[in-house]
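A.B. asks: fold the following.
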Amino acid sequence: MSTLEDPAHPNASTRVVLVSHAATRATRAAAFPGDEPVERPDDIVPVEFGRFTRFHTGPESRCRQTAAAFGWPATVDDALADLDFGDWRGRALDEVTDFSWLADPDAAPHGGESVRDVLDRVGEWLKGLRGTGERVAAVTHPAVVRAAVVHVLNAPAQSFWRIDVTPLSVTRLSNSGPNWTLRETGHAVNQ
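C.D. replies: Residues are numbered from 1 along each chain as shown. Model (predicted):
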């Protein structure tokens, strides 16, 4: 077995597939999400992405429903939770008057998490996977996918909101050394 295939070796090749959950009413209404379900769960069909050593999902029902519809035996991972919008949960975007959170990654005027908090959380999650040689598939949120892309590209935190992540889009990451590589992002799940 080569070192790239040996999960115990620190340079073992790790692959991560992140799938953004299916659309919800909040997604379509441009509202801050709560723990709402997906809009049309029966429209999600099982999808084969390749062989994986583990499957994860964010704790919210929209992630769990999407993973279940794919037929994945996913384990809930709190590191994949959505950005916590605090008091703004369930409110429409046009009801918000303080937009500091868009320009300042450390701002959390809603009383929830800042973008920086999500970047740190997702960065730690990826750090824990680096060099394991695992193949990990996860259903999560646009905010988590954005954070992963920012982390992998070592981009400035201010770029977080400039990454478009649509429902049921796929982002693939790989790691076979000290750094992650963005293999692809933004492709729709083939259904």
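A.B. asks: count of neighbours near the closest residue to residue 47 other than its chain neighbours?
C.D. replies: In this structure, residue 47 finds its nearest non-sequential neighbour in residue 70, 5.0 Å apart by C-beta to C-beta, 6 or more residues apart in numbering. In short, each C-beta sits where N, CA and C put it, glycine included. Neighbourhood size, residue 70 [other C-beta atoms under 10 Å]: 22.
A.B. asks: the one helix or strand residue 151 maps to: what's the following helix or strand?
C.D. replies: In the assignment (DSSP states H and E), residue 151 maps to helix 142-153. Remark: after helix 142-153, the chain's next helix or strand is strand 169-175, criterion DSSP H and E.
A.B. asks: next, the angle helix 142-153 makes with that next one.
C.D. replies: Between strand 169-175 and helix 142-153, the angle comes out at 30 degrees (axes from the mean of the first three to the mean of the last three C-alpha atoms, to 10 degrees).
A.B. asks: so which bits of strand 169-175 are buried?
C.D. replies: For strand 169-175, a neighbour-count test (16 or more other C-beta atoms under 10 Å) marks 169-173, 175 as buried.
A.B. asks: count the residues that sit near the residue nearest to residue 167 when sequence neighbours are not counted.
C.D. replies: Counting by C-beta to C-beta, 6+ apart, residue 23 is the residue found nearest to residue 167 once chain neighbours are left out, at 4.1 Å. Neighbour count for residue 23, taken as other C-beta under 10 Å: 18.
A.B. asks: who's in contact with residue 23?
C.D. replies: Residue 23 makes contacts with 38-40, 167-168, as judged by C-beta atoms under 8 Å, 6 or more residues apart in numbering.
A.B. asks: can you give me the distance of residue 99 to residue 123?
C.D. replies: Using C-beta to C-beta, to the nearest Å, we find residue 99 at a distance of 25 Å from residue 123.
A.B. asks: mind checking which of those two has more residues around it?
C.D. replies: Taking neighbours as other C-beta under 10 Å, residue 99 and residue 123 compare with residue 123 leading, 17 against 11.
A.B. asks: biggest strand in the protein by residues?
C.D. replies: In terms of residue count, the longest strand belonging to the chain (DSSP state E) is strand 180-188.
A.B. asks: buried sites along that strand?
C.D. replies: For strand 180-188, by 16+ other C-beta under 10 Å, it's 180, 185.
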